[in-house]
Structures are given as C-alpha cells and as structure tokens.
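# Curious how this folds, go ahead:
(one chain, ligands or ions: 1)
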Amino acid sequence: MARLLVLLFLGSAAALRASDLSPYFGTKSRYEAIHPHLLADPYSLGPSEPGFPLPAASCVPIQARALIRHGTRFPTRKQIEKLGGLHEALVRRSSSSPPCRPAERLAGWAMWLRPEMDGRLAARGRRDMSALARRLAARLPTLFAARNSLAFASSSKPRCLDSAAAFREGLRQVHGHGSLKETFEVNDKLMRFFDHCEKFVKGVEDNSTALRELDAFKDGPEMKTLVDKIARTLCLPVSELNADLIQVAFFTCSFGLTIKNTNSPWCSLFNTDDAKVLEYLNDLKQYWKRAYGHEINSRSSCNLFQDIFKHLDQAVLESKSSTPISSPVMLQFGHAETLLPLLALMGFFRDTEPLKADNFAKQESRQFRSGRIVPYASNLLFLLYHCEKASSPEEKYKVQILLNERLLTFPHSGAKVASYSDLRNHYKHLLDNCHFNKVCAMTKPG
Ligand SMILES: *[C@@H]1O[C@H](CO)[C@@H](O)[C@H](O)[C@H]1NC(C)=O
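Numbering: from 1, shown residues only. Got it, this is the predicted structure:
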C-alpha cells in the first residue's frame, strides 16, 4: 500500500525510489545499505559470520579497539547553501517561464535543511550509534562485561562527540547506569591526524593540482551527459548547472533517505546509471584525497597505526605476565577521513589500477567503493585473542580485523585471522619507519 501511494505521488510507475539509488551514495550511505537486516531490527546481529569469533574453547578475546565513524549527519553548511542556490534557481524559473513539471515539482519542495545544521549528528545518527553499541556488546560479551573499563576517545567535532555520547547511552541500555568504568578524552592528534600533517595539508588538501583526476572527471563525457540530461529535465540552461550542483541534488536525495527515511523528489532526477557516475565522482575524491591516490594520504595515519600496535603489544605483554589488560576496550570516534587512510596504509581495498578520470567503465567492479567501506557509523575493529592451548608460542596471540562487523581478509595471507607475530612482522616496515613527524614534514631531511 505504501509503495502504491509513493508511485501515485511520483506520478510515474517508472520512477526510482531512493532505496534503488542507495547502493551508490558513497560516503553518504546509510549503514543499512550494507546490512539490510538492520532495517527490520537495528539490534539484530544478522547472518552469522563464518570464522567469527574464534571458538571460545580455544581463544579468548582480550582486547578490542574500535575506530568508529560518526553516525548519520546533516549536510555541511556549504552543501546546504549550494542546494539553496539550486532550489532558488528552480523557483525563479517556475514563476517566469513556460510550464515544466519536474522543475515546478522541485521548486515546490519544502527546503528543510538550514545552514546551521552544518554537519551535525542527526537523530538517526544517535540511533546508529546506540544500536551499534548494543550489537558490539552482544558480539563481544566478555570484553563488554560490566566491570571492564572502557576507554573512549573522540575527534573534537560535535558530530563525533555526540556519537560517543550516544554509543555510551546504548551501552547503558544494556548494562544499566553506573556500572561502567569509563575514561574519555578528546584526541584530534589521533582522530584528525590529517589536520596535523603539514605535508598532507599543503601537498593535497590545499593543492589545486592534487585532485586533477577529480576535476577532469567533472569535465569529462560521463558528467557532461548527465549535466545535459538534468538541464533538459529541469528546463534550465546548461550554464546554470555544473557537476557540483548535480552532486548536491544527488546528496539531497541521499539525505532524504538517510536522515528522514523518506523518498525525496530529488531522487527522481536520477536513474541507476546516473547514480553510478555520481558514485564514481565521490569515490574519485576519496581515492585521491584520502587513500591510494597520494602516498602521504595514508602515511599521515602512521601515528594512529603505531598507537594501535603499541596497545596490542602492551596487551600481549600483560597477558604473558598474567596481569590485567590495562586497555581491554577502546572506542574511538572519528571520520571517514580517519578510517580510509588507515585502511589504505594497511593495504585494504587496493585496486590494481588507480581510479582515474578516464577509466570509469573499466573500474565498474573496483574494490574501492566508499559506500561499502565508510558509510555512516562504519567501524573498524581490531580484535586480539589469547589462545592458551596453541601449538606454538607464535600462535598464542591472534588478531582479527572487522570492518562494519564483517571480517576483513588480510592482504598478506588471504586469511581472516592472523597470528599476532605474523601480522606485526608483515607491517614491520611501517612500525619501524613510518614516523609522523618525519613523514609529515614538508622537506625531506637531507
Ligand atoms: C601538488 O600536487 C601535484 C600533483 O600531485 C604535485 O606534483 C605537487 O608537488 C604538489 N604541490 C605541493 C606544494 O606539494
């Protein structure tokens, strides 16, 4: 019935729903796009993950560190202002020009986004976090046991601070108030390392040529076809539109779904082929600004990477000497920009060919799809196990890494579990040589 009403409202049986486009929302994806079972029950653990956790009879988890992207948020002020401009152009058009149904319909759309919402966490985002907290606690009951201490850290951005608070609230729903031992710190050096890395800021962020593949794609044939098509649909001169405005219209479709769970009329401008082009536009930006595009992108996360291994080392030492683990659970709230460089540093989601302006078609089945990797509430979990009865000392400590509650395959072995010594060995070059101060300095030491 609801579906029928929506179709009648759109006035066309062929019109796509927001959920048909949602696989292509990139960094604006809701977490449910990769875990549809959560739409019915946000606390459900879904289909069991083969190989996770390791059998409790042989291996006990002793440390978990979760790096968590904030939950669903509002668009930034800049995006809202761009949308406001586009909306006004449609309003102007409809009061002075010949009839044009799609343009009038969007002109009549009630602009509900206000500049002061500026990137803040939405109510939906709070729910993302409290539900994630409950699922992680259910997946790792011994680590999240009431008397264990939890170390929270967050980026200083309000959406991250609010995410941490909502996550904690979710845990309280399970454990009750007052039963959790917690520490909390704001730590931008770890969660917003990119701001502190001069070589990244000057070489990529503030460098107009560093994202030239992105700019070339904006001016390329796929985007040009799309801009022309939308201009025709909205009866606007092509000169009033550009790739950025089309992207903002597409984001508005995504924000309708993720924030309000509604089917925004902006969605009906696009079909799935258009959505794939816009997904690629988003992925190109992430690739060149946050991942494999430039080496400094991933290397700027060295500090975080080394901090992760420092705490793993410490937990192994403590376990070996039978002292309590000092940091059994670490919950750290940051950004897509926190997770992507770290994943690239560790070699995950690396395609053989770089994403470029001229290989959109060739990259159709690429690994690097930001909507799968870093949707809202995405989470990267490092899990250390102690396996008492292991056959050799090297096998006594094992690691699994989960991204978005699914095991990652280690690039070095193709397996979904690694002995800690193998893992450490594999990343030895980074542990020994990747030093933030050196890597991020503008001039290489002579
Ligand atoms: C800006 O980016 C280009 C292309 O990646 C690079 O060649 C150049 O060295 C960069 N400029 C600075 C100041 O790092």
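
# Give me every residue in the chain lying close to the ligand.
Residues of the chain lying near the ligand by CB under 6 Å from any ligand atom: K202, G203, N207, T209, A210. Placement of C-beta: from N, CA and C, glycine included.

# In a markdown table: those residues, plus pLDDT and secondary structure.
A markdown table is the format used below for those (pLDDT from 0 to 100; DSSP: H, G, I helix; E, B strand; the rest coil):
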| residue | pLDDT | secondary structure |
| --- | --- | --- |
| K202 | 97 | helix |
| G203 | 97 | helix |
| N207 | 97 | coil |
| T209 | 97 | coil |
| A210 | 98 | coil |
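
# Buried ones among those?
G203, A210 (16 or more other CB atoms under 10 Å).

# Just flag the most distant two among the residues of the chain next to the ligand.
Pairwise distances across these peak at 12.1 Å for K202 and T209 (criterion: CB to CB).

# how about the strands in the stretch 201-350 of the chain?
Assigned by DSSP state E, counting those that start in this stretch, the strands in the stretch 201-350 of the chain fall at 329-334.

# show me where it has helices.
212-218, 221-234, 243-260, 272-290, 295-299, 302-320, 336-345 (DSSP state H, counting those that start in this stretch).

# any chance of these in JSON lines, with mean neighbour count and distance to Y43 too?
Formatted as JSON lines, those follow (neighbours: other CB atoms under 10 Å; distance: least, CB to CB, whole Å):
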{"stretch": "helix 212-218", "mean neighbour count": "18", "distance to Y43": "39"}
{"stretch": "helix 221-234", "mean neighbour count": "17", "distance to Y43": "39"}
{"stretch": "helix 243-260", "mean neighbour count": "23", "distance to Y43": "19"}
{"stretch": "helix 272-290", "mean neighbour count": "22", "distance to Y43": "29"}
{"stretch": "helix 295-299", "mean neighbour count": "22", "distance to Y43": "34"}
{"stretch": "helix 302-320", "mean neighbour count": "18", "distance to Y43": "28"}
{"stretch": "helix 336-345", "mean neighbour count": "24", "distance to Y43": "23"}
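
# Quick one, which of those gets closest to F436.
Closest of the helices of the stretch 201-350 of the chain to F436 is helix 302-320, at 4.3 Å (criterion: CB to CB).

# what angle do the closest one and helix 336-345 make?
70 degrees (axes from the mean of the first three to the mean of the last three CA atoms, to 10 degrees).

# any idea how far helix 302-320 is from the chain center?
24 Å (CA atoms, centre = their mean, to the nearest Å).

# Also stretch 30-44?
Chain-centre distance of stretch 30-44: 15 Å, with CA atoms, centre = their mean.

# swap in stretch 370-388?
Here stretch 370-388 is found 11 Å from its chain centre; the criterion is CA atoms, centre = their mean.

# Just the buried positions in it, please.
Neighbour-count burial for stretch 370-388 flags 370-387 (criterion: 16+ other CB under 10 Å).

# quick one: which of these sit in helices?
S370, G371, R372, I373 (DSSP state H).

# a markdown table for these, including distance to A137?
A markdown table is the format used below for those (distance: CB to CB, whole Å):
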| residue | distance to A137 |
| --- | --- |
| S370 | 27 |
| G371 | 26 |
| R372 | 24 |
| I373 | 24 |
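
# Tell me the one of those residues nearest the ligand?
S370 (20.6 Å; CB to the nearest ligand atom).

# so how far is the ligand from the nearest residue to I373 once chain neighbours are set aside?
Distances taken as CB to CB, 6 or more residues apart in numbering place F349 nearest to I373, at 6.0 Å, with adjacent residues excluded. Noted for F349: a distance of 21 Å to the ligand, by CB to the nearest ligand atom, to the nearest Å.

# go on, S391?
Distance, S391 to the ligand, using CB to the nearest ligand atom: 49 Å.

# any idea which element that residue lies in?
Under the criterion DSSP states H and E, no helix or strand holds S391.

# Please apply the same query to the one 10 residues further on.
Here I401, judged by DSSP H and E, is contained in strand 397-403.

# Give the next helix or strand downstream of the lengthiest strand in the chain.
For the chain, the longest strand by residue count, based on DSSP state E, is strand 60-69. Next in sequence after strand 60-69, counting helices and strands by DSSP H and E, comes helix 77-96.

# State the mean pLDDT of that next one.
Mean pLDDT, computed over helix 77-96, is 92.

# do the same with stretch 234-252
pLDDT averaged over stretch 234-252 gives 96.

# how close does the residue nearest to I373 get to V238?
F349 is 35 Å from V238, where distance means CB to CB, to the nearest Å.

# Who has more neighbours out of the two?
F349 (21 against 12; other CB atoms under 10 Å).

# For the ligand, what's its nearest residue on the stretch 1-150 of the chain.
T27 (21.9 Å).

# Contact partners for the spatially most central residue of the chain?
Nearest to the mean C-alpha position of the chain, by CA atoms, centre = their mean, lies V374 at 2.1 Å. Contact analysis of V374 by CB atoms under 8 Å, 6 or more residues apart in numbering lists T27, R69, Q286, A336, L339, L340.

# and the two most separated of those residues?
It's R69 and Q286 that sit farthest apart of the contacts of V374, by CB to CB, at 12.5 Å.
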